[in-house]
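A.B. asks: Okay, sequence plus prediction incoming.
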Amino acid sequence: MLSSEAIKHSIAAAWAVMLGRKDAIARLDLSADGFWDSFWAIPLAMPPLLLAWLTSTTYLIDGGNDQSKLSIILRLAFVDLANWLVPLILLALIARRIGISKRFAPYVVASNWGTLIMMWFGLPIMLMSLFSPDASNFADVLGFVLFLASLLFSWRITQAALNTDLGTTIGVFLAMTFVSILIVILLQPMLGLTLPA
């Protein structure tokens, strides 16, 4: 388990990158240990993820989905974990071919810690949806704003971590965004995470 100081340092460095400070990428632990340690971001993101799963489960059951709560939560967890890991795995498979093999580890490290930050940013919006149904429209607007912000932050992480030509940076950014959205679009109906027709 990482120390609290190491976690704080990684989050602060990733946040600086997300704010546009490309040089802050060097503050992250980009060693082999740092690469694997960055996946601690997944368990650290569990509180907001769990709240998101509970909120979605309530919405699906209220809408007529007849699966058990535990089944829905496990399926939602599978979708989110696939959405986090599969794009990184696919990028690893083509990193050498597109000339970013040496920058793959910095990208993963910054991306993992950046995703953790974005998960926690979404927590107040989920709490608003869960405990203030009357504010659901406002929560939806905030959720859309957060989505746009996440695209901006993801772009900055891609730029700083890859540190390569603009064409490659744009290509990786668009591909990772597309794959991430595609995973959700494909997996949710496949796993029955939709409202009955």
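C.D. replies: Yep, it's here.
A.B. asks: in this protein, which helix or strand is least confident?
C.D. replies: helix 123-131 (a mean of 84; mean pLDDT, DSSP states H and E).
A.B. asks: Count the residues that sit near the residue lying closest to Ala16 once chain neighbours are set aside.
C.D. replies: Counting by Cβ to Cβ, 6 or more residues apart in numbering, Ala16 lies nearest to Ala24, which is 3.5 Å off, once chain neighbours are set aside. All C-beta spots, glycine's among them, are computed from the backbone N, C-alpha and C. When neighbours are defined as other Cβ atoms under 10 Å, Ala24 has 18 of them.
A.B. asks: Just list the residues touching Ala24, thanks.
C.D. replies: Ala13, Ala14, Ala16, Val17, Ala160 (Cβ atoms under 8 Å, 6 or more residues apart in numbering).
A.B. asks: do Ala139 as well
C.D. replies: Ile125, Met128, Ser129, Ser132.
A.B. asks: Identify each buried residue in the helix or strand hosting it, please.
C.D. replies: Per DSSP states H and E: Ala139 is located in helix 136-162. Using 16 or more other Cβ atoms under 10 Å as the test for burial, helix 136-162 gives 139, 142, 150, 153-162.
A.B. asks: Okay, Met126 and Ser132: tell me how far apart.
C.D. replies: 11 Å (Cβ to Cβ, to the nearest Å).
A.B. asks: ok, the two, which is more surrounded?
C.D. replies: Set Met126 next to Ser132 and count neighbours by other Cβ under 10 Å: Met126 wins out with 20 against 11.
A.B. asks: distance of that one from Ala110?
C.D. replies: 24 Å.
A.B. asks: Any stretches of this structure with poor pLDDT?
C.D. replies: Across the chain, the ranges flagged by pLDDT under 70 are 133, 135, 197.
A.B. asks: Tell me how far the residue most central in space within it lies from Met18.
C.D. replies: Taking Cα atoms, centre = their mean, the centroid of the chain lies closest to Thr115, which sits 4.0 Å from it. Relative to Met18, Thr115 is positioned 11 Å away (Cβ to Cβ).
A.B. asks: Spell out which residues are contacts of both of the two.
C.D. replies: Common neighbours of Thr115 and Met18 (Cβ under 8 Å, 6+ apart) do not exist.
A.B. asks: before we move on, the earlier item: and the next element down the chain from the helix holding Ala139?
C.D. replies: As assigned by DSSP H and E, the chain's next helix or strand after helix 136-162 is helix 166-190.
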